[in-house]
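Asks: Sequence and computational prediction follow.
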There are 4 protein chains.
Amino acid sequence: MTAARPLRADALRNRTALLAAAEAEFASRGADASVADIARRAGIGKGTVFRHFPTKEDLLAAVVLDRVERLTSRARELLSATDPAAALWEFLAAAAGRQQQWDLSFLRQADDLNETLAEARGELFTVITELVSRAQRAGAVRLDVTPADVILLMCAPVYVASFAPGAETGLWRRYLAVIIDGLRPEGAHPLPARDG
Amino acid sequence: MTAARPLRADALRNRTALLAAAEAEFASRGADASVADIARRAGIGKGTVFRHFPTKEDLLAAVVLDRVERLTSRARELLSATDPAAALWEFLAAAAGRQQQWDLSFLRQADDLNETLAEARGELFTVITELVSRAQRAGAVRLDVTPADVILLMCAPVYVASFAPGAETGLWRRYLAVIIDGLRPEGAHPLPARDG
Amino acid sequence: MTAARPLRADALRNRTALLAAAEAEFASRGADASVADIARRAGIGKGTVFRHFPTKEDLLAAVVLDRVERLTSRARELLSATDPAAALWEFLAAAAGRQQQWDLSFLRQADDLNETLAEARGELFTVITELVSRAQRAGAVRLDVTPADVILLMCAPVYVASFAPGAETGLWRRYLAVIIDGLRPEGAHPLPARDG
Amino acid sequence: MTAARPLRADALRNRTALLAAAEAEFASRGADASVADIARRAGIGKGTVFRHFPTKEDLLAAVVLDRVERLTSRARELLSATDPAAALWEFLAAAAGRQQQWDLSFLRQADDLNETLAEARGELFTVITELVSRAQRAGAVRLDVTPADVILLMCAPVYVASFAPGAETGLWRRYLAVIIDGLRPEGAHPLPARDG
DNA sequence: GATGAATGAGTATTCATTCAT
DNA sequence: GATGAATGAATACTCATTCAT
């Protein structure tokens, strides 16, 4: 996957700069960020972008893949933590912190995206599922929420915080705390029936 | 220019159709919906759109203004409800339901947007503040959240639910319920200090 | 087909200029002529081209359609000439003269092109068939060539003449004369078997 | 620069593969064939292509040169055939067969192209001239056509046949036969005056 | 010498906005 | 006032050509 041939030194440098620029640009402009802007920000030619990624969508997928993989490995580390509850809360914070200003909108069109990306997403889901299950078994998370719920809810704090004027940088932590409280068993009210 | 003379009958009809079409189009295509599509849907010429709103952004602002005002008046009604807690929950549901598939991303660039929109938003905030205060005084909402927090959090359920595959239509209610539980005083853990 | 609404005066002027420019540009650059060049030559904006023809291919098709229709109507006139042989020769000259420097390459991909174009081509073929048949019945054309052969061969003179250096303008007439002599019954040698 | 030092063994091998690949690629994709595709087909790097030929156009010229030279040598062989008429007809068939699917469009811009190519073309013309003269002296070709006419006309059959739907492979022989009949003295009608 | 990475001009097409009718 | 035709800047993507490795 990452193997193939080992990429020339300059090419690797460019690729790295490109991915960084793309991540930044997608983060601030959304998926509509223009390839030209990304190239300019990376300090490389437009053509070079397409040499590395045949399509803008492929570039987006690569950026997302990168993020998902980093998140997955963080989640995996936390699986061996002693306190399951703390592990889950920390994971949620990591997820939110990582996407700073950006969202997981790429998980949206699950089907038409890259195959390797789909796999990576699957792995992430698996690990999160385990993280949530452990927290539930430890009595730290209410039993009527599913791992899928947690995955979706973990996107909320950053998104919500992005609306606040003045860009108070740590605001998402505040909303994450509220949501975490909502996930706890204490004081939980029954959830509405699905698909209503 | 803002108040001004009373539109001719046909102009008013056009304006109404235009706003309805714009709301529908923005709702389904997002802010990238094209002016041409909106005009077509409204059954009017493209030029007419620009006669009413000098800019696409102005049109978007008008649509948003409309939504905000309707939301404000719903909130105002709920101010006279007997049960302050139920009133707040219902308001949150109304807010979420109203934006079905769409989000409040227009509140984002709070500063550079329309002045009248800013005012309307201010009014909405005022009313919500009262709604939240009453709920807090009634002991239904934890005291460490502010009305501003509630306003931001009310955007989350629909946003979050929009990522779920399969478009389960009522999913947002589920996430609203979790967030509401997070807003209750029971089982609340202290929020992190601001701006950390 | 040509009906719809009657096109505004300026729009019609533009459309005419556009078609003329496109014909000229396609003639000299081939189907690879760029839309930008065509627009510049027509003295209109690039966007205007796409307003009239949603696709470059549609523009090409329109130009071709125009040529085919004019050719068909000339052929039809010649059907009522008294001398069938002279009529055919004149038609061939008209066909060659009309495409001055250009070719009938559009008849190539018969299938994937415009439907109306396909129809127009069919009509042209029908009329030519009659023109050839009459010449054959009059003994002016050998019996072992088909109307389809004639259609193909009528493209040759201009094409061939285009290779000559110095752009001697009437050269194609010379080659048309040779080909016509080849189509006559006198001195005809049997054609090789097909598909060999 | 043209003669110069004797290529290294591998360089020669590359050059040969390159020319073969280019001929094939140009034949099937036309002059728009991409340098990258040609390089890939030749199994060499893109840069190597440009080391051998500074320009894509130069490569095209080289391919054409090759073809012209092979054609010239075939013509030369046929000069010593016993039957001058048969020799000419066979040459025309060889010329058509060789360009199968491709055309001699490179002779078009006779002036601005390569000097060596111009020379080679000159040689080809000389030999053909002799071939035609002999056929004329033998009474097999009408006296009012020139060798230049024959050269141009020999391009027609393949070109014309390429328009036929269904890719009937031997169709050009049919049109060559018609043209040959047009070149014979029997039944020849006088050609129109030049430059009319 | 050979390679393929980098480059940027060029291509078709879209769309907010202006303006003649 | 209303219309839709015209416009050109912007966008993703291609490809001949140059140059560092």
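Replies: Alright, I've got the coordinates.
Asks: which helices and strands does the helix or strand of chain A with the lowest mean pLDDT pack with?
Replies: Here the helix or strand of chain A ranked lowest by mean pLDDT, DSSP states H and E is helix A:156-161, holding a mean of 83. In this structure, helix A:156-161 makes packing contacts with helix A:171-183, helix B:147-153, helix B:156-161, judged by 3 or more C-beta pairs under 8 Å, 6 or more residues apart in numbering or on different chains; DSSP states H and E. All C-beta atoms are positioned from the backbone trio N, CA, C, and that covers glycine.
Asks: Serialize the ones you listed to TSV and add fields for mean neighbour count.
Replies: Below are these laid out as TSV (neighbours: other C-beta atoms under 10 Å in any protein chain shown):
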stretch	mean neighbour count
helix A:171-183	24
helix B:147-153	21
helix B:156-161	25
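Asks: DNA strand F is nearest to which of the ones you listed?
Replies: Closest approach to DNA strand F among the helices and strands packed on helix A:156-161 is made by helix B:156-161 (23.9 Å; C-beta to the nearest atom of the strand).
Asks: quick one: that closest one to chain centroid distance?
Replies: Centroid separation for helix B:156-161 versus its chain: 13 Å, with C-alpha atoms, centre = their mean, to the nearest Å.
Asks: and what of stretch A:42-54?
Replies: Counting by C-alpha atoms, centre = their mean, stretch A:42-54 is centred 24 Å from the centre of its parent chain.
Asks: hmm, that stretch touching chain D?
Replies: No - using C-beta under 8 Å from any C-beta of the partner chain, stretch A:42-54 stays clear of chain D, with a minimum separation of 11.4 Å.
Asks: Contact distance from DNA strand F - what residues of chain A qualify?
Replies: A:8-10, A:32-37, A:46-47, A:50, A:54-57 (C-beta under 7 Å from any atom of the strand).
Asks: pull the CA atoms of the least confident helix or strand of chain A into CSV?
Replies: This file holds the C-alpha atoms of helix A:156-161, laid out as CSV (Å, rounded to 0.1, in the frame of the first residue of the first chain):
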residue,chain,number,x,y,z
ALA,A,156,-20.3,17.3,17.2
PRO,A,157,-18.1,19.3,19.6
VAL,A,158,-15.8,20.7,17.1
TYR,A,159,-18.5,21.4,14.6
VAL,A,160,-20.6,23.1,17.2
ALA,A,161,-17.7,25.1,18.5
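Asks: on that earlier part again, could you dump the helices and strands packed on helix A:156-161 to a markdown table with distance to D:L124?
Replies: Converted to a markdown table, the helices and strands packed on helix A:156-161 look like this (distance: least, C-beta to C-beta, whole Å):
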| stretch | distance to D:L124 |
| --- | --- |
| helix A:171-183 | 78 |
| helix B:147-153 | 81 |
| helix B:156-161 | 74 |
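Asks: still on that earlier bit, can you pick out the most distant pair from the residues of chain A next to DNA strand F?
Replies: By the measure C-beta to C-beta, A:A9 and A:D32 form the most distant pair in the residues of chain A next to DNA strand F, at 32.7 Å.
Asks: ok, the two, which is more surrounded?
Replies: Higher neighbour count among A:A9 and A:D32: A:D32, with 11 against 8, using other C-beta atoms under 10 Å in any protein chain shown.
Asks: got any ranges where chain A has weak pLDDT?
Replies: Low-confidence segments of chain A (pLDDT under 70): A:1-7, A:98-113, A:165-167, A:195-196.
Asks: Name the residue of it that lies nearest to chain D.
Replies: A:R51 (11.4 Å; C-beta to the nearest C-beta).
Asks: mind listing what the nearest residue to A:I151 once chain neighbours are set aside touches?
Replies: Spatial nearest neighbour of A:I151, excluding adjacent residues (C-beta to C-beta, 6 or more residues apart in numbering or on different chains): A:I128 at 5.8 Å. Listed by C-beta atoms under 8 Å, 6 or more residues apart in numbering or on different chains, the contact set of A:I128 reads A:75, A:91, A:147, A:150-151.
Asks: still on that earlier bit, looking at the residues of chain A next to DNA strand F, which has the most residues close by?
Replies: Counting neighbours by other C-beta under 10 Å, A:A33 leads the residues of chain A next to DNA strand F with 20 neighbours.
Asks: is it true that it touches A:E25?
Replies: Yes - the pair A:A33 / A:E25 is scored as a contact, 4.1 Å apart, by C-beta atoms under 8 Å.
Asks: got the CA coordinates for stretch A:42-60 in CSV?
Replies: Extracted in CSV, the C-alpha atoms of stretch A:42-60 (Å, rounded to 0.1, in the frame of the first residue of the first chain):
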residue,chain,number,x,y,z
ALA,A,42,2.4,23.6,-1.0
GLY,A,43,4.8,25.6,-3.1
ILE,A,44,4.6,23.2,-6.0
GLY,A,45,3.1,23.3,-9.5
LYS,A,46,-0.5,22.3,-10.2
GLY,A,47,0.7,19.5,-12.4
THR,A,48,2.6,17.9,-9.6
VAL,A,49,-0.5,17.6,-7.6
PHE,A,50,-2.0,15.5,-10.3
ARG,A,51,1.1,13.4,-10.7
HIS,A,52,0.8,12.4,-7.1
PHE,A,53,-3.0,12.0,-7.0
PRO,A,54,-4.8,11.5,-10.3
THR,A,55,-7.8,13.2,-9.0
LYS,A,56,-8.8,15.8,-6.5
GLU,A,57,-11.0,13.2,-4.9
ASP,A,58,-8.0,10.9,-4.6
LEU,A,59,-6.1,13.7,-2.8
LEU,A,60,-9.0,14.2,-0.5
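Asks: State the phi and psi torsions of A:P192.
Replies: phi -70, psi 160 (degrees, to the nearest 10).
Asks: count of residues packed around it?
Replies: Neighbour tally, A:P192, other C-beta under 10 Å: 13.
Asks: repeat for A:E119
Replies: By other C-beta under 10 Å, neighbour count at A:E119 equals 13.
Asks: Contacts only, for A:E123.
Replies: A:T72.
Asks: Could you say which helix or strand holds it?
Replies: Element membership for A:E123, per DSSP states H and E: helix A:115-137.
Asks: Surely A:R74 and A:L92 touch.
Replies: No - applying C-beta under 8 Å, one finds A:R74 not in contact with A:L92, separated by 11.0 Å.
Asks: my read: A:R174 touches B:H189, true?
Replies: No - the pair A:R174 and B:H189 fails to qualify as a contact (C-beta under 8 Å) at a distance of 12.0 Å.
Asks: that older thread, buried sites along the helix holding A:E123?
Replies: Neighbour-count burial for helix A:115-137, counted by 16 or more other C-beta atoms under 10 Å in any protein chain shown, picks out A:117, A:120-121, A:123-125, A:127-128, A:130-132, A:134-136.
Asks: mind giving me the domain ranges of chain A?
Replies: Per the record, chain A has its domains at A:1-52, A:56-183, by automatic domain parsing.
Asks: Of the ones you listed, which is nearest C:A161?
Replies: For the domains of chain A, proximity to C:A161 was assessed by C-beta to C-beta; domain A:1-52 is nearest, at 41.1 Å.
Asks: returning to what we had before: right, so of the helices and strands packed on helix A:156-161, which gets closest to A:A42?
Replies: Closest to A:A42 of the helices and strands packed on helix A:156-161, according to C-beta to C-beta: helix A:171-183, at 27.6 Å.
Asks: the inter-axis angle of that closest one versus helix A:115-137?
Replies: 60 degrees (axes from the mean of the first three to the mean of the last three C-alpha atoms, to 10 degrees).
Asks: As CSV, could you dump the C-alpha coordinates of helix A:171-183?
Replies: What follows is helix A:171-183, C-alpha atoms only, in CSV (Å, rounded to 0.1, in the frame of the first residue of the first chain):
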residue,chain,number,x,y,z
LEU,A,171,-14.3,25.6,23.3
TRP,A,172,-15.0,22.2,21.9
ARG,A,173,-13.8,20.7,25.2
ARG,A,174,-16.7,22.3,26.9
TYR,A,175,-19.2,20.7,24.5
LEU,A,176,-17.5,17.4,24.6
ALA,A,177,-17.9,17.5,28.3
VAL,A,178,-21.6,18.1,28.0
ILE,A,179,-22.0,15.2,25.5
ILE,A,180,-20.0,12.9,27.7
ASP,A,181,-22.3,13.7,30.5
GLY,A,182,-25.1,12.8,28.2
LEU,A,183,-23.5,9.4,27.5
